[in-house]
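**Student:** Sharing a model prediction with you, sequence too.
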Amino acid sequence: MSTPDRHASRRSLPRRPWPRLLALAGTGALLLTTVLATPLGPAPQQAQAAEKDKVLTVAVAQSVDSLSPFLATRLVSTSVLRLTYQYLTDYDPGDAHAIPGLATQWKTSADKLTWTYTIRTDATWSDGQRVTARDAAWTFRTMMTDQGAATANGSFVGNFRSVTAPSPTELVVELKKPQATMVALDVPIVPEHIWKGVKDFSKFTNDKAFPIVGDGPFIVTGYKPDSYVRLKANKGFWRGAPKFDELVFRYYKDQDAAVAALRKGEVSFVAGSPSLTPAQAASLKGQRNIRVNDAPGRRFYALAVNPGARAKNGETFGDGDPSLLDERVRHALFMAVDRKALIDKVFQGYAVQGEGYIPPRFSSYFWKPSASQELGHDPAKAGALLDQAGYRKNAAGQRVGKDGKPLTYRVLCHATDPNDKAVGQYLKEWWAELGIGMTLDCQDNVTDPWLAGTYDLAFDGWSVNPDPDYVLSLHTCAALPATPKEIGATDNFICDKTYDALYAKQLAEYDPAKRAALVKQAESRLYDLGYMNVLAYPNAVEAYRTDQIRSIETMPKAAGNLYGQDGYWSWWSAVPANSASPRGSSTGIVVAIVAGVVVLAGAGLFLARRRHATADDRE
């Protein structure tokens with residue numbers, strides 16, 4: 001699924017409906033960030049706002065799955081929630097190291113099992129009540145004790161033993177074992193006095209009463225499914241009020257229509273799904289008052305194989321083709337794919353050829369297979385593997401299964417993503433040469449069949465955060481749904497004990513170099529299993545109107561993206577074109593606050609900075 005719907009970044013491409021993405025590891029120790037995925041619909045025209053209001057309208061190609069921080073996994077949804085609720089720590093927009101967020105400082109005990117956070121005193125909820133450590137403690141404890149509340153981000157608290165708030169400004173987290181993501185907990189903190197009355201967190205979508213009480217730079221004031229989300233600036237935000245009075249995320253099912261709206265000035269910004277196509281980008285370059293931003297992406301674009309949908313209780317469900325349980329078949333399908341051709345012909349150079357699970361943007365965690373391990377483009381070897389697996393061709397040249405029926409796979413694709421359709425046609429041709437049939441099942445909503453396991457393969461993608469823990473957690477056995485009727489945090493039902501062991505080791509490792517090595521081992525194992533075949537790392541290609549937005553901050557500051565950031569920096573920093581004086585770069589403001597980061601006590605562990613990770617959400 002994919003950043004980030006599920007079928008879209010965390011797995012942040014922005015498509016799937018599952019957990020968002022990832023955590024970030026710090027230089028001296030840890031850092032983690034999540035990722036996230038996102039959809040939205042047409043929003044109200046700018047003219048609907050008061051003439052004096054400065055409105056920034058963002059065109060998106062994904063609809064919201066939920067406005068509940070406990071359920072949302074799509075990139076668009078998690079992007080909205082980052083603007084609405086604060087996290088304990090933020091990522092510096094310049095280089096993504098950990099800086100104060102709701103917490104002004106933090107420290108750990110010598111055994112690394114107790115973390116103490118100091119909660120700021122200048123943060124208030126939009127209804128006027130003060131934000132305290134009790135809100136954070138209640139948020140984490142609710143996720144620890146309620147399965148519904150753990151749907152999106154439960155992996156962050158799975159190792160928590162207890163969470164307390166000894167005072168309004170002190171939050172204490174006791175761990176079962178060391179956890180390297182404690183300054184990268186991508187969990188929105190919610191107001192206890194508003195949320196404590198929720199009866200069923202698995203069903204409460206937080207989209208009926210407005211304005212939504214939050215403490216971020218923007219407040220959600222309206223929402224219409226598959227249409228728009230409207231937010232207003234929080235004038236009392238402690239880091240400073242946004243320069244735009246209103247922010248609107250407008251959903252376009254047709255990406256060409258969104259681009260046309262940008263040309264007409266009906267929207268301020270367009271990101272695509274999650275990026276513009278090469279043709280769209282080319283059509284906008286050189287246009288008056290339009291700037292195209294082309295930066296290395298934080299997403300991966302993959303082909304996911306249904307390994308046989310299953311739940312933690314041992315029950316299986318769905319109807320994935322049993323032939324895909326054979327690793328040789330999975331490897332053969334991938335070896336028939338010419339990834340270079342896809343980069344040249346589909347992405348037209350706006351992407352990097354796929355290799356490991358974490359994108360090269362996160363150099364510390366980027367991994368690629370050795371020459372002997374690589375499943376390179378080799379149709380002849382792919383055919384030989386299928387022969388060995390017992391799937392030989394009949395007189396008509398079709399590969400047949402053990403039941404004598406021709407092999408034909410259903411590939412789930414996003415109807416709104418032109419890349420899925422284009423890549424699908426190439427797969428159909430390449431697999432036909434192997435004697436395998438393929439049907440492309442493009443749907444507006446890929447979430448339902450994905451969760452039900454009623455597919456054979458699917459286009460997948462997640463937006464990776466500076467810390468890769470979140471996206472890595474999506475493939476653990478712990479991420480499976482409790483029962484077939486429940487929704488888990490899993491991406492595509494992978495459950496492998498060897499992978500789980502490597503995941504657990506990296507999570508407990510505080511040394512950055514050692515942790516990075518363990519992450520790469522986990523990526524290697526995932527690659528060998530053949531359930532996740534990364535085809536490309538798409539660039540972040542987006543565009544905005546310079547006659548509406550005077551300046552806006554990318555992340556990272558040098559060659560970074562605007563939409564789907566690991567934070568709220570782009571929309572918070574944006575300066576209206578008709579503004580009397582630009583805000584200037586927010587980086588200086590943020591960096592000045594970094595002094596609040598505390599050195600880890602005990603073991604000589606210094607956590608003031610988080611290491612750049614190499615990994616975006618799916619949707």
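**Tutor:** Thanks, I have it.
**Student:** rest of the way, CA atoms for contacts and neighbours
**Tutor:** Noted.
**Student:** Identify the residues contacting residue 269.
**Tutor:** Going by Cα atoms under 8 Å, 6 or more residues apart in numbering, residue 269 touches 56, 57, 58, 59, 262, 542, 543, 544, 545.
**Student:** What distance do you get for the last one to residue 58?
**Tutor:** The one in question is residue 545. Applying Cα to Cα, to the nearest Å, the value for residue 545 to residue 58 is 11 Å.
**Student:** Pull up the overlap in contacts between the two.
**Tutor:** Residues touching both residue 545 and residue 58 (Cα under 8 Å, 6+ apart): 268, 269.
**Student:** So between those two, which is more surrounded?
**Tutor:** Taking neighbours as other Cα atoms under 10 Å, residue 545 and residue 58 compare with residue 58 leading, 26 against 23.
**Student:** so that one touches residue 248, yeah?
**Tutor:** Yes. Residue 58 is within contact range of residue 248, at 6.0 Å (criterion: Cα atoms under 8 Å).
**Student:** Report the separation between the nearest residue to residue 102 once chain neighbours are set aside and residue 188.
**Tutor:** Among residues not flanking residue 102 along the chain, residue 88 sits closest, at 4.6 Å (Cα to Cα, 6 or more residues apart in numbering). The gap separating residue 88 from residue 188 is 8 Å, by Cα to Cα.
**Student:** cool, and residue 131?
**Tutor:** Applying Cα to Cα, the value for residue 131 to residue 188 is 13 Å.
**Student:** residue ranges with poor pLDDT in this protein?
**Tutor:** Low-confidence regions of the chain, defined here as pLDDT under 70, cover residues 1-51, 580-619.
**Student:** neighbours around residue 237, how many?
**Tutor:** Counted with other Cα under 10 Å, residue 237 comes out at 18.
**Student:** ok now do it, which residues does it touch?
**Tutor:** 123, 124, 215, 216, 217.
**Student:** show me the contacts for the fourth one.
**Tutor:** Read that as residue 216. Counting by Cα under 8 Å, 6+ apart, residue 216 has contacts 82, 83, 84, 85, 86, 234, 237.
**Student:** quick one on the thing from earlier: identify, from the contacts of residue 237, the entry nearest to residue 280.
**Tutor:** Nearest to residue 280 among these: residue 217, at 31.3 Å, using Cα to Cα.
**Student:** Count the residues that sit near that closest one.
**Tutor:** Other residues lying near residue 217 total 26 when counted by other Cα under 10 Å.
**Student:** Would you mind measuring from it to residue 234?
**Tutor:** Going from residue 217 to residue 234 by Cα to Cα gives 5 Å.
**Student:** shared neighbours of these two, which are they?
**Tutor:** 241, 242.
**Student:** Confirm residue 377 sits in a strand?
**Tutor:** No. Applying DSSP: H, G, I helix; E, B strand; the rest coil, one finds residue 377 to be coil, outside a strand.
**Student:** The nearest residue to it once chain neighbours are set aside and residue 193, how far apart?
**Tutor:** Excluding the flanking residues, the one nearest residue 377 by Cα to Cα, 6+ apart is residue 335, at 4.7 Å. Using Cα to Cα, residue 335 is found at 55 Å from residue 193.
**Student:** Which of those two has more residues huddled nearby?
**Tutor:** More crowded of residue 335 and residue 193, by other Cα under 10 Å: residue 335, with 24 against 11.
**Student:** Is it correct that that one is in contact with residue 382?
**Tutor:** Yes. Counting by Cα under 8 Å, residue 382 is a contact partner of residue 335 at 5.8 Å.
**Student:** What about residue 379, how many residues nearby?
**Tutor:** So residue 379, with other Cα under 10 Å, has 20 neighbours.
**Student:** That one reaches residue 335, doesn't it?
**Tutor:** Yes. With contact defined as Cα under 8 Å, residue 379 counts as touching residue 335 (6.2 Å).
**Student:** Show me what counts as buried in stretch 512-522.
**Tutor:** 512, 513, 515, 516, 518, 519, 520, 521, 522 (16 or more other Cα atoms under 10 Å).
**Student:** Ok, stretch 305-313 next?
**Tutor:** So, applying 16+ other Cα under 10 Å, buried residues of stretch 305-313: 305, 306, 307, 308, 309, 310, 311, 312.
**Student:** How far away from the center of its chain is that stretch?
**Tutor:** Per Cα atoms, centre = their mean, to the nearest Å, the displacement of stretch 305-313 from the mean C-alpha position of its chain is 22 Å.
**Student:** Kindly check the end-to-end length of that stretch for me.
**Tutor:** Counting by Cα to Cα, you get 22 Å between the two ends of stretch 305-313.
**Student:** Bridge partners for residue 114, pull those for me.
**Tutor:** Listed beta-bridge partners, residue 114: residue 174 (assigned using DSSP bridges).
**Student:** Next, count neighbours for it.
**Tutor:** By other Cα under 10 Å, the residues close to residue 114 number 20.
**Student:** and it, what does it touch?
**Tutor:** Contacts for residue 114 (Cα under 8 Å, 6+ apart) come out as 108, 172, 173, 174, 175.
**Student:** same question, residue 85
**Tutor:** 188, 189, 190, 214, 215, 216.
**Student:** circling back: quick one: which of the contacts of residue 216 is nearest residue 387?
**Tutor:** Set against residue 387, the nearest of the contacts of residue 216 by Cα to Cα is residue 82 (50.2 Å).
**Student:** For residue 427, see how far away the residue nearest to residue 377 is.
**Tutor:** 11 Å.
**Student:** and what of residue 341?
**Tutor:** Per Cα to Cα, residue 341 is found 11 Å from residue 427.
**Student:** more neighbours, these two?
**Tutor:** Remark: of residue 341 and residue 427, residue 427 carries more neighbours, 23 against 14, as counted by other Cα under 10 Å.
**Student:** Confirm the more buried one sits in a helix?
**Tutor:** Yes. Checked against three-state DSSP, residue 427 lies within a helix.
**Student:** That one reaches residue 338, doesn't it?
**Tutor:** No. Residue 427 is beyond contact range of residue 338, at 9.1 Å (criterion: Cα under 8 Å).
**Student:** Who are the contact partners of residue 508?
**Tutor:** For residue 508, the contact set (Cα under 8 Å, 6+ apart) comprises 177, 178, 179, 180.
**Student:** whoops, residue 309 was the one
**Tutor:** By Cα under 8 Å, 6+ apart, the contact set of residue 309 is 316, 317, 318, 320, 452, 453, 492, 493.
**Student:** Out of the buried residues of stretch 512-522, which comes closest to residue 348?
**Tutor:** Using Cα to Cα, residue 520 comes nearest to residue 348 of the buried residues of stretch 512-522, at 28.8 Å.
**Student:** now that closest one, nearest residue through space, not along the chain?
**Tutor:** Excluding the flanking residues, the one nearest residue 520 by Cα to Cα, 6+ apart is residue 367, at 5.7 Å.
**Student:** What is the neighbour count of that neighbour?
**Tutor:** Counted with other Cα under 10 Å, residue 367 comes out at 23.
**Student:** And the one 4 residues further on, by the same measure?
**Tutor:** Other residues near residue 371 number 8, with proximity taken as other Cα under 10 Å.
**Student:** Now the phi/psi pair for it, please.
**Tutor:** Main-chain torsions, residue 371, degrees, to the nearest 10: phi -60, psi -40.
**Student:** Kind regards, and thank you for your time.
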